[in-house]
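Novice: Using only what follows, build the 3D model:
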Amino acid sequence: MELRHLRYFVMVAEERHFTRAAARLNMQQPPLSQQIRALEDELGFELFKRHPKGVDLTAGGQVFLQEAQDILARVKEGSLKASRAAHGIEGHLTIGFTSSAAAHPLIPRIIRAYRERFPGVAVSLREGSAQQLTESAIDGSVDVGILRAPVSRHQSIAFYRLLNEEMLLTLPVGHRLLTGHQADQGPPVISLLDLAEEQFILVRRPGAPGMYANLIKACLNAGFNPKVAFEVERMLTNVSLVAAGAGISIVPGSMRDVHKESVVYCRIADAKPRLHAPITLVCPSFNPQPPLRNFVALSQELSGRRITQ
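Specialist: Below is the predicted model:
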């Protein structure tokens with residue numbers, strides 16, 4: 001028994017006439033009659049009583065009609081659900097993010113646009129460090145992580161750069177390097193060498209090794225080894241400690257509004273290499289599911305650049 005047999009039977013039952021049913025099915029009447037006869041032979045009872053004006057359902061046919069309609073309806077519903085899942089219109093997506101990456105306005109814009117464009121996808125959000133999100137992408141507990149710089153590589157994951165933004169120096173209000181600077185003059189510009197005697201507050205190496213390493217290298221190229229007073233878990237903590245006068249730090253430019261009443265954000269004049277904070281997606285490299293493919297494509301669209309691995 002095939003689905004087409006059920007469709008043929010339902011059409012004849014609705015029309016109560018073989019010729020009209022055949023016309024709706026775009027086939028000839030004799031083949032349709034043969035298919036119904038074959039179905040009756042397989043079932044072992046008559047579905048229709050034939051008469052000059054058409055056909056009527058038998059008692060068995062009446063019961064089988066309800067079952068056939070239910071089966072066809074479930075197949076149609078299942079096909080629709082499968083199609084929506086295949087196109088990423090339904091499903092589930094777990095998004096992880098670091099607090100630093102989430103501070104950039106692009107990230108909430110992407111997540112909001114995704115939820116609006118794909119309302120049938122259930123979205124879960126998790127916060128973690130770059131290392132935690134990378135490990136979660138490897139073991140599959142998150143579908144995509146949004147972080148700054150890659151912290152480790154693995155054959156099962158891929159990294160996609162969305163953008164780079166400038167890193168800014170953060171100094172507490174009243175710092176000696178700000179003497180004589182007026183707020184209406186724009187952001188202060190500080191030479192990296194002027195920071196040789198300062199106490200740095202940095203995100204610890206396992207959390208942001210790429211940006212950490214770049215800063216250390218830039219300081220060494222400027223002629224000094226930076227003095228690290230504190231290593232913290234998150235960049236938001238950096239700024240809070242700078243506001244408290246515990247040291248200085250370097251953070252992505254998108255964080256320039258955090259504690260702005262207590263902290264001054266400055267440009268760095270001469271860092272080599274230049275200090276940038278990327279925003280990067282990390283996700284499985286093999287057989288990404290449709291909701292994830294849609295998320296990556298939308299991220300590419302809203303970031304205004306082609307994502308490169």
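
Novice: OK, contacts around residue 69?
Specialist: Residues in contact with residue 69 (C-beta atoms under 8 Å, 6 or more residues apart in numbering) are residue 10. Using the backbone N, CA and C atoms, a C-beta is placed for each residue, glycine as well.

Novice: Likewise for residue 5?
Specialist: With the criterion set at C-beta under 8 Å, 6+ apart, residue 5 makes contact with 35, 38, 39.

Novice: ok but it is inside a helix, no?
Specialist: Yes - under DSSP: H, G, I helix; E, B strand; the rest coil, residue 5 sits within a helix.

Novice: Strands of the stretch 101-250 of the chain, start to end?
Specialist: For the stretch 101-250 of the chain, applying DSSP state E, counting those that start in this stretch gives strands covering 121-127, 144-147, 157-172, 189-190, 199-203, 227-232, 249-252.

Novice: Output those strands in a markdown table; the columns should cover mean pLDDT and distance to residue 97.
Specialist: Below are the strands of the stretch 101-250 of the chain laid out as a markdown table (pLDDT from 0 to 100; distance: least, C-beta to C-beta, whole Å):
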| stretch | mean pLDDT | distance to residue 97 |
| --- | --- | --- |
| strand 121-127 | 94 | 6 |
| strand 144-147 | 94 | 4 |
| strand 157-172 | 91 | 12 |
| strand 189-190 | 92 | 30 |
| strand 199-203 | 90 | 15 |
| strand 227-232 | 89 | 18 |
| strand 249-252 | 91 | 14 |
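
Novice: can you put those strands in JSON lines and add distance to residue 217 and mean neighbour count?
Specialist: Putting the strands of the stretch 101-250 of the chain into JSON lines (distance: least, C-beta to C-beta, whole Å; neighbours: other C-beta atoms under 10 Å) gives the following:
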{"stretch": "strand 121-127", "distance to residue 217": "29", "mean neighbour count": "14"}
{"stretch": "strand 144-147", "distance to residue 217": "20", "mean neighbour count": "26"}
{"stretch": "strand 157-172", "distance to residue 217": "13", "mean neighbour count": "20"}
{"stretch": "strand 189-190", "distance to residue 217": "18", "mean neighbour count": "18"}
{"stretch": "strand 199-203", "distance to residue 217": "13", "mean neighbour count": "22"}
{"stretch": "strand 227-232", "distance to residue 217": "14", "mean neighbour count": "15"}
{"stretch": "strand 249-252", "distance to residue 217": "13", "mean neighbour count": "26"}
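
Novice: Go ahead and build a PyMOL selection from the buried members of the contacts of residue 5.
Specialist: Only the buried entries of these go into this PyMOL selection, using 16 or more other C-beta atoms under 10 Å:
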select buried, resi 35+39
